[in-house]
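K.L.:
A predicted structure for the sequence below; I have some questions about it.
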Amino acid sequence: MIKKYFSIIFLILILLASILSSDRSVRVMKNIFETGKDMEKEEQYIIVIDPGHGGRDPGKVGINNALEKDINLSIAFRLKNLLEQNDIKVIMTREEDIGLYSETDSNKKNADLNKRIEIIQTSKADLAVSIHQNSFGEEYVKGAQVFFHEQSTKGKRMAEIMQAQLIETIADGNHRKAKSNSNYYMLKKTECPFVIVECGYMSNRSEADLLLEDDYQEKMAWGIHLAILQFINEGGLDTKAK
């Protein structure tokens, strides 16, 4: 009787082995794994980083003669690297010192802004972050500040998280709060959650000098990226609602 049972079990094992090694089962397993990969790609978040200005538009010129467009791009690249390490797909509106317009455009500023918005829209971005620097008439004013559109619930939450994170990461005594704005063109026209990060005041000598330092730029990018990850972990990008 025992031998009979062993024979039956042995035949079953042989049958299973032949099924699992068949071309059909291999194809099925391959499809399962490929489907899993496709699902991972579909679930990958898309974030657009917009380094402000570029080309003939330098942005703010610092008290130390530094150009905003260069600082924006440098911080943007650092942020891109950090986000990609977290399996986030990053699209940059520019990756070099250029303006997003053609020489035939009569209003190059508007053409540039519209091209940035087009990149965000066509990429089906889950979130967009624009990197800028600030300036003011009095030198004592300083500190990073994040802006959002007043009617964007997700934009507001993202801005609040980012403002708090930058205050903690930079640790420079900044008491600024995230601020709503309905006039900035890109805030008005962008459909996905969108924030503008003014990383510092180039009219403040100490801050302008810091913004040129590699370590400080890395610290700024680190704070922005931590805020984005927190926003994602809270479920901020679970829907496409603005």
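P.N.:
Yes, it's here.
K.L.:
domain assignment for this structure?
P.N.:
Segmentation of the chain into domains, based on automatic domain parsing, reads 2-38, 44-233.
K.L.:
Just put those in TSV and tack on mean neighbour count and mean pLDDT.
P.N.:
(Glycine included, C-beta is placed from N, CA and C.) What follows is the domains of the chain, written out as TSV (neighbours: other Cβ atoms under 10 Å; pLDDT from 0 to 100):
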stretch	mean neighbour count	mean pLDDT
domain 2-38	10	45
domain 44-233	19	97
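K.L.:
Phi and psi next, for the spatially most central residue of the chain.
P.N.:
Note on the chain: the residue nearest the mean C-alpha position is residue 47, at 4.0 Å, using Cα atoms, centre = their mean. Main-chain torsions, residue 47, degrees, to the nearest 10: phi -120, psi 130.
K.L.:
State the distance from it to residue 233.
P.N.:
Per Cβ to Cβ, to the nearest Å, residue 47 is found 14 Å from residue 233.
K.L.:
got it, and residue 83?
P.N.:
Distance of residue 83 to residue 233, computed by Cβ to Cβ: 14 Å.
K.L.:
Now the common contact residues for those two.
P.N.:
Here residue 83 and residue 233 have no joint contacts, going by Cβ atoms under 8 Å, 6 or more residues apart in numbering.
K.L.:
what's the nearest residue to the residue nearest to the centre of the chain once chain neighbours are set aside sitting at in phi/psi?
P.N.:
Leaving aside its chain neighbours, residue 47 sits nearest to residue 127 (4.9 Å; criterion: Cβ to Cβ, 6 or more residues apart in numbering). Torsion angles at residue 127 (phi, psi; degrees, to the nearest 10) stand at phi -160, psi 150.
K.L.:
Just list the residues touching the closest residue to residue 144 other than its chain neighbours, thanks.
P.N.:
Nearest non-adjacent residue to residue 144, counting by Cβ to Cβ, 6+ apart: residue 166, 4.7 Å away. By Cβ under 8 Å, 6+ apart, the residues touching residue 166 are 144, 146, 174, 197, 220, 223-224, 227.
K.L.:
For residue 166, what is the enclosing helix or strand?
P.N.:
Here residue 166 sits within helix 153-170, counting by DSSP states H and E.
K.L.:
CA-only coordinates of that helix, as PDB, when you get a sec.
P.N.:
Output of helix 153-170 as PDB, limited to C-alpha atoms (Å, rounded to 0.1, in the frame of the first residue of the first chain):
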ATOM      1  CA  THR A 153      -6.000  72.600  -2.400                       C
ATOM      2  CA  LYS A 154      -3.100  70.200  -3.200                       C
ATOM      3  CA  GLY A 155      -0.800  73.000  -4.200                       C
ATOM      4  CA  LYS A 156      -1.500  74.700  -0.800                       C
ATOM      5  CA  ARG A 157      -0.700  71.500   1.100                       C
ATOM      6  CA  MET A 158       2.400  70.900  -1.000                       C
ATOM      7  CA  ALA A 159       3.600  74.400  -0.300                       C
ATOM      8  CA  GLU A 160       2.900  74.200   3.400                       C
ATOM      9  CA  ILE A 161       4.900  71.000   3.700                       C
ATOM     10  CA  MET A 162       7.800  72.400   1.600                       C
ATOM     11  CA  GLN A 163       7.900  75.600   3.500                       C
ATOM     12  CA  ALA A 164       8.100  73.800   6.900                       C
ATOM     13  CA  GLN A 165      10.700  71.400   5.500                       C
ATOM     14  CA  LEU A 166      12.900  74.100   4.200                       C
ATOM     15  CA  ILE A 167      12.800  76.000   7.500                       C
ATOM     16  CA  GLU A 168      13.900  72.800   9.200                       C
ATOM     17  CA  THR A 169      16.500  71.800   6.700                       C
ATOM     18  CA  ILE A 170      18.100  75.200   6.100                       C
END
